[in-house]
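*Asks:* Quick one: sequence plus predicted model below, questions after.
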Amino acid sequence: MVTRPAARDVDAVEAIATRYGPAIKAYFSRRITDRTEVEDMTQEVFLSLVRRGELEGVENMERYIFRSAANLLRERFRRAGRRPDITPDGSATSDRLVEEISPERVMLGAEAWELFVTGLQELPERARNIFVLNRFEELSGREIALRLGISQSLVEKEMTKAIAYLRGRLG
């Protein structure tokens, strides 16, 4: 059975769409040349809010909306099964996704970095040390095992746990 969202939720989404609609449309317009698809995807972002229902649990609405837009765009290109064609001069063909450093992308990157650093700090000390030695100091599992005086299999297990935890944090 499909439940209809409460009128207050629809009103809240309309207010959010009025506020963020032009920015989301601009976000899609810089990446997609088909204007009707830009309109459709913009509406889909806000329709997903209506489907979600409870908006009180969203801490940062702007981040949530732009993350939804980025996910929708990623899914669009995944379904199309294509990647942008990059010409020798570094530009992309007009009908393909163009990755640029936009304010939205910078914001999403900064938030992802904060989540990563927080997640790294939350790891147990040994797992954090192993992760840092491997990913930042570029030491092999064997070198880490020798340095920390533990087995290589323990290093591998701790790396697997650390990576899984950090992926979960970045979700």
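*Replies:* That came through fine.

*Asks:* for this structure, which residue is closest to the average position?
*Replies:* residue 67 (5.9 Å; C-alpha atoms, centre = their mean).

*Asks:* State which helix of the chain is the longest.
*Replies:* When the chain is parsed with DSSP state H, its longest helix is helix 7-29.

*Asks:* hang on, isn't residue 67 packed against residue 108?
*Replies:* Yes. With contact defined as C-beta atoms under 8 Å, residue 67 reaches residue 108; the gap is 6.6 Å. Placement of C-beta: from N, CA and C, glycine included.

*Asks:* got the contact list for the one helix or strand in the chain whose mean pLDDT sits lowest?
*Replies:* Counting by mean pLDDT, DSSP states H and E, the chain has its least confident helix or strand at helix 7-29, which shows a mean of 80. With C-beta atoms under 8 Å, 6 or more residues apart in numbering as the test, helix 7-29 has contacts from 35, 37-39, 41-42, 45-46, 49-50, 53-55, 61-62, 65-66, 69, 73, 102, 104.

*Asks:* Quick check on these: which are buried?
*Replies:* Neighbour counting by 16 or more other C-beta atoms under 10 Å classes 38, 41-42, 45-46, 49-50, 55, 65-66, 69, 73, 104 among the contacts of helix 7-29 as buried.

*Asks:* okay, now the domains of this protein?
*Replies:* 7-85+92-100, 114-170 (automatic domain parsing).

*Asks:* which of those has the lowest average pLDDT?
*Replies:* With a mean of 77, domain 7-85+92-100 has the lowest mean pLDDT of these.

*Asks:* what residues are up against the closest residue in space to residue 161 that isn't next to it in sequence?
*Replies:* Sequence neighbours aside, residue 127 is the residue nearest to residue 161 in space, at 5.9 Å (criterion: C-beta to C-beta, 6 or more residues apart in numbering). Shown in contact with residue 127 (C-beta under 8 Å, 6+ apart): 158-159, 161-162, 165.
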